[in-house]
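Colleague: here is a sequence with its predicted model. Questions after.
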Amino acid sequence: MPAATSSSAPQTAEIRFAQVASGARIAWARHGRGPVLVRVAHWMTHVEHDLRSPIWKPWLDRLGRGLEVVRYDERGCGLSGSDDVPLGLDASTEELSAVVAATGAPRVALLGQSGAAAPAIAYAVRHPERVSHLVLLGGYLAGLLHQSPSAKALAFHEASLRLVELGWGRRDPAVQQFFTTRFIPDASQDEARALNEQQRLSCGAARAVQIMRARTLLDVRALAPLVQCPTLVLHAEGDQIVPLSMGRDLAAAIPGARFVTLPTRNHIPLAADPAFELFCQSVSSFLRPERAAPQLTPRERELAALVAQGQDNLQIAAHLGVADKTVRNALSSLYAKLEVEGRPQAVVRARELGLDAA
């Protein structure tokens with residue numbers, strides 16, 4: 001689909017579908033331009049509704065300025081199909097693998113949030129050649145049943161499951177609000193209403209219960225030390241869903257991982273929260289470290305501007321009044337100065353440098 005402008009995420013999404021081995025379809029979408037960041041599917045997503053959500057749209061707007069953001073719905077949620085495959089780490093990793101392959105990108109960065117941290121880690125370990133960076137937000141090494149939970153913790157979890165079974169699909173948002181106030185306690189009324197509605201839209205009660213049970217069984221304690229790519233772990237200091245200590249444990253388990261504490265109680269950083277910009281800046285700088293601007297001659301700047309504007313070699317030759325061969329030679333020199341390997345990368349780099357308006 002066409003790249004989004006730098007000022008706003010698209011108002012409509014071109015939904016695409018990948019398939020897993022069972023034949024179930026996995027709905028995914030992309031926008032923005034730059035290095036590819038795949039948001040690993042987590043609970044309560046809907047690739048179409050995200051674009052209207054006051055919770056997720058700011059993410060897409062902000063991250064899409066310098067990244068190509070790919071997102072998808074896990075099976076049985078949003079626009080993705082369902083099957084009889086048991087939910088768990090292998091099923092989630094299979095979905096992620098199908099989407100990464102569908103993007104056509106040779107390497108991608110992964111964003112694993114909350115319960116999606118585990119499949120992000122598993123995929124990075126199993127396919128190290130496909131993962132450039134790993135970003136984990138509000139994640140954990142192991143689910144509830146691997147944490148020696150108390151009887152009270154287990155009872156609370158079972159009570160939460162019962163609430164979902166009885167009230168998830170109701171128009172009365174009381175059950176949804178119970179989860180919303182834990183996920184985003186400092187949300188505005190609009191944001192709270194949006195997450196309430198997204199819960200209902202994402203999946204039915206039976207699937208929600210299956211997802212919640214599957215999350216309690218996740219365990220990547222043996223895989224985390226095997227991660228080879230650069231890793232950034234971020235965690236809200238007042239997270240009521242996943243305590244901060246679990247984020248620290250996660251970062252400590254991954255060799256060389258960086259750890260950033262976000263000053264918020266919200267499990268999902270919200271647009272008006274100071275933690276939101278810190279999150280976005282941390283991710284962007286981690287995935288796109290600043291490179292020194294190349295020293296270009298006036299002629300090279302003019303050439304770069306024409307490339308950034310999408311002109312082909314013949315158009316450039318006509319504009320500059322030179323031969324096509326001269327353009328090819330000049331482009332080779334320009335690519336070297338821009339530290340890129342071809343025209344698509346040159347277009348992105350020239351636009352990053354503001355040369356498209358030169």
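Modeller: Cool, got the structure.

Colleague: quick one, strands of this protein?
Modeller: Per DSSP state E, the chain carries strands over the ranges 16-19, 25-32, 36-39, 68-72, 108-113, 131-137, 231-236, 258-262.

Colleague: Ile211: which of those strands is closest?
Modeller: Ile211 lies closest to strand 108-113 among those, at 14.0 Å (Cβ to Cβ). For the C-beta atoms, the positions are set from N, CA and C on the backbone; glycine is no exception.

Colleague: quick one: average pLDDT of the closest one?
Modeller: Mean pLDDT, computed over strand 108-113, is 97.

Colleague: re the thing from before, can you lay out the strands of the chain as JSON lines showing distance to Asp90?
Modeller: Converted to JSON lines, the strands of the chain look like this (distance: least, Cβ to Cβ, whole Å):
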{"stretch": "strand 16-19", "distance to Asp90": "16"}
{"stretch": "strand 25-32", "distance to Asp90": "15"}
{"stretch": "strand 36-39", "distance to Asp90": "18"}
{"stretch": "strand 68-72", "distance to Asp90": "17"}
{"stretch": "strand 108-113", "distance to Asp90": "16"}
{"stretch": "strand 131-137", "distance to Asp90": "18"}
{"stretch": "strand 231-236", "distance to Asp90": "22"}
{"stretch": "strand 258-262", "distance to Asp90": "28"}
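
Colleague: tabulate the ones you listed (CSV), appending distance to Glu339 and mean neighbour count.
Modeller: Conversion of the strands of the chain to CSV gives the following (distance: least, Cβ to Cβ, whole Å; neighbours: other Cβ atoms under 10 Å):
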stretch, distance to Glu339, mean neighbour count
strand 16-19, 31, 16
strand 25-32, 21, 24
strand 36-39, 18, 24
strand 68-72, 19, 26
strand 108-113, 19, 26
strand 131-137, 16, 25
strand 231-236, 23, 24
strand 258-262, 24, 17
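
Colleague: to Leu79, which of those lies closest?
Modeller: Nearest of the strands of the chain to Leu79, taken as Cβ to Cβ: strand 25-32 at 3.6 Å.

Colleague: by contact count, what packs against the closest one?
Modeller: Applying 3 or more Cβ pairs under 8 Å, 6 or more residues apart in numbering; DSSP states H and E, we find strand 25-32 packed against strand 16-19, helix 57-63, strand 68-72, helix 89-103.

Colleague: and the angle for the longest one with strand 25-32?
Modeller: What separates the directions of helix 89-103 and strand 25-32 is an angle of 50 degrees, with axes from the mean of the first three to the mean of the last three Cα atoms, to 10 degrees.

Colleague: swap in the third one?
Modeller: With the same axes, to 10 degrees as the basis, strand 68-72 and strand 25-32 are set at 160 degrees to each other.

Colleague: what average pLDDT does strand 68-72 get?
Modeller: Rounded mean pLDDT across strand 68-72 is 95.

Colleague: export that strand as PDB, just CAs?
Modeller: What follows is strand 68-72, C-alpha atoms only, in PDB (Å, rounded to 0.1, in the frame of the first residue of the first chain):
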ATOM      1  CA  GLU A  68       7.400   0.800   8.500                       C
ATOM      2  CA  VAL A  69       5.000  -0.600  11.100                       C
ATOM      3  CA  VAL A  70       3.600  -4.000  10.400                       C
ATOM      4  CA  ARG A  71       0.800  -5.300  12.700                       C
ATOM      5  CA  TYR A  72      -1.500  -8.300  12.600                       C
END
